[in-house]
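K.L.:
Give me a model of this one.
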Amino acid sequence: MEKVATLYDRVGGEQGVKNLVRSFYDRVLRDPELADFFEGASIDHLFKMQAEFFAAALDGPVTYSGMSIHQAHFGRGIDKDHFAKFVNHLIATLESWQLTEHEIHALISRINTYADDVTGNPVVSD
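P.N.:
Model (predicted):
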């Protein structure tokens, strides 16, 4: 039986994810409304953790080992508009990566599950 390629495979595995993250953050860091959130951050560490996060989100053989999404973003003043701009940069990056609309939607759906953690909205449990 033929193995179905994951999104991780489709972007080129480990090196592809690293390239995708660098391309994506090149866009984000050039955005004057988002760049300030990264002031003083170690960009090398950011790229390393984001490559790990995206590899896991793309169904790669990686487990994200960073702090929780909520902890990493808590108190930074990130609102829904900032998150939307971030996601729009991701969509533009993924489109330039020649992923299908279905593949882009699948990844964006995964990222959107973290919106409340990033923006600091309280987690509601049943």
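K.L.:
For this structure, which residue occupies the most central location?
P.N.:
Nearest to the mean C-alpha position of the chain, by C-alpha atoms, centre = their mean, lies residue 54 at 5.6 Å.
K.L.:
any idea of the pLDDT on that residue?
P.N.:
Residue 54 carries a pLDDT value of 92.
K.L.:
same question, residue 42
P.N.:
93.
K.L.:
next one: residue 19
P.N.:
pLDDT, residue 19: 96.
K.L.:
tell me which element it is part of?
P.N.:
helix 13-30 (DSSP states H and E).
K.L.:
Which secondary structure elements does that helix sit against?
P.N.:
helix 43-57, helix 80-96 (3 or more C-beta pairs under 8 Å, 6 or more residues apart in numbering; DSSP states H and E). To be clear about C-beta, it is placed using only N, CA and C from the backbone, and glycine gets the same treatment.
K.L.:
Verify the stated contact: residue 8 with residue 52.
P.N.:
No - under the criterion of C-beta atoms under 8 Å, residue 8 is not in contact with residue 52, lying 11.8 Å apart.
K.L.:
For the two, list the residues in contact with both.
P.N.:
Common contacts of residue 8 and residue 52, defined by C-beta atoms under 8 Å, 6 or more residues apart in numbering, are absent altogether.
K.L.:
Save the helices and strands packed on helix 13-30 as TSV, and put in distance to residue 13 too.
P.N.:
Shown next, in TSV, are these (distance: least, C-beta to C-beta, whole Å):
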stretch	distance to residue 13
helix 43-57	9
helix 80-96	16
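K.L.:
For residue 71, which of those is the nearest?
P.N.:
helix 43-57 (12.1 Å; C-beta to C-beta).
K.L.:
Give me the mean pLDDT for the next helix or strand after the closest one.
P.N.:
Where DSSP H and E defines the elements, the next helix or strand beyond helix 43-57 is helix 69-73. For helix 69-73, mean pLDDT is 88.
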